[in-house]
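Novice: sequence below, structure please.
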Amino acid sequence: MQFLILGLLLDGPLSLYDVRKRFAAGISLFYAASFGSIQRALGQVESKGWVTRVDADDSRRRKKLYVIEDSGRRAWREWMLSPITGSDPEPTMLAKVYLLGSLPAADRGDCLRMLRERIAADADRLVSLAAELDETEIPDDVREVYGYRRATLDHGIRAQALTARWLDELETS
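Specialist: Coordinates of the predicted model:
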């Protein structure tokens, strides 16, 4: 979440409430974040020196704005160009695609290639698992149960293929 927030701050200074509004306006469709988690993440990026909190010039209510620093810009770019780790890559992948327009054009292809590599690796694992399962003798008494589990695996394989095509289309657009 820290890097998603840094990416939002690339557009200009935002208050905690502004960041929360950005999440509510669309980011929450692919990346869940509570008000408290956003507040904690802002505190973390501030403590790392990636952002500075300043008083808003036009605020009578002592509104605080978060401004990204050069170190935050560098950390964000490094994150954008780093491989995705973890067992649930989709939210991170979607966050990176959402923010891709803020990355210099010369780096976008590298980011997309890195995302495709992760998707391809995950797809290969699913296809290997499917092949292994297809070679396994399924007893008649669990054949129906197996059928639904295999259908779920098929969904994963198809979803990976769709994501790979989508990423290819992004790179050529």
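
Novice: can you get me a residue count around residue 16?
Specialist: 17 (other CB atoms under 10 Å). Heads up, the C-betas are built off the backbone N, CA and C, glycines and all.

Novice: residue boundaries of the helices in this structure?
Specialist: 2-9, 16-24, 35-47, 70-80, 90-99, 105-134, 143-172 (DSSP state H).

Novice: make CSV from those and add distance to residue 53 and mean pLDDT to it.
Specialist: Shown next, in CSV, are the helices of the chain (distance: least, CB to CB, whole Å; pLDDT from 0 to 100):
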stretch, distance to residue 53, mean pLDDT
helix 2-9, 11, 96
helix 16-24, 9, 93
helix 35-47, 6, 96
helix 70-80, 12, 97
helix 90-99, 22, 95
helix 105-134, 28, 95
helix 143-172, 34, 94
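
Novice: who wins for proximity to residue 58 among those?
Specialist: Among the helices of the chain, helix 16-24 comes nearest to residue 58, with 13.6 Å by CB to CB.

Novice: could you measure from the closest residue to residue 65 other than its chain neighbours over to residue 34?
Specialist: Closest residue to residue 65 apart from its sequence neighbours, by CB to CB, 6 or more residues apart in numbering: residue 13 at 4.0 Å. Going from residue 13 to residue 34 by CB to CB, to the nearest Å gives 22 Å.

Novice: settle it for me: which of the two has more neighbours?
Specialist: Neighbours of residue 13 and residue 34, each counted by other CB under 10 Å, are more numerous for residue 13; the result is 16 against 11.

Novice: surely the more buried one and residue 63 touch.
Specialist: No. Using CB atoms under 8 Å, residue 13 is not in contact with residue 63, being 10.3 Å away.

Novice: overlap of the contact sets of those two?
Specialist: residue 56 (CB atoms under 8 Å, 6 or more residues apart in numbering).

Novice: which ones are touching the residue nearest to residue 163 when sequence neighbours are not counted?
Specialist: Nearest residue to residue 163, sequence neighbours excluded (CB to CB, 6+ apart): residue 119, at 5.1 Å. Going by CB under 8 Å, 6+ apart, residue 119 touches 89, 93, 160, 163-164, 167.

Novice: which one of the residues you listed is nearest to residue 30?
Specialist: Using CB to CB, these come closest to residue 30 at residue 93, 9.0 Å.

Novice: not counting residues beside it along the chain, what's closest to the most centrally placed residue in the chain?
Specialist: Nearest to the mean C-alpha position of the chain, by CA atoms, centre = their mean, lies residue 92 at 1.9 Å. Nearest residue to residue 92, sequence neighbours excluded (CB to CB, 6+ apart): residue 84, at 4.9 Å.
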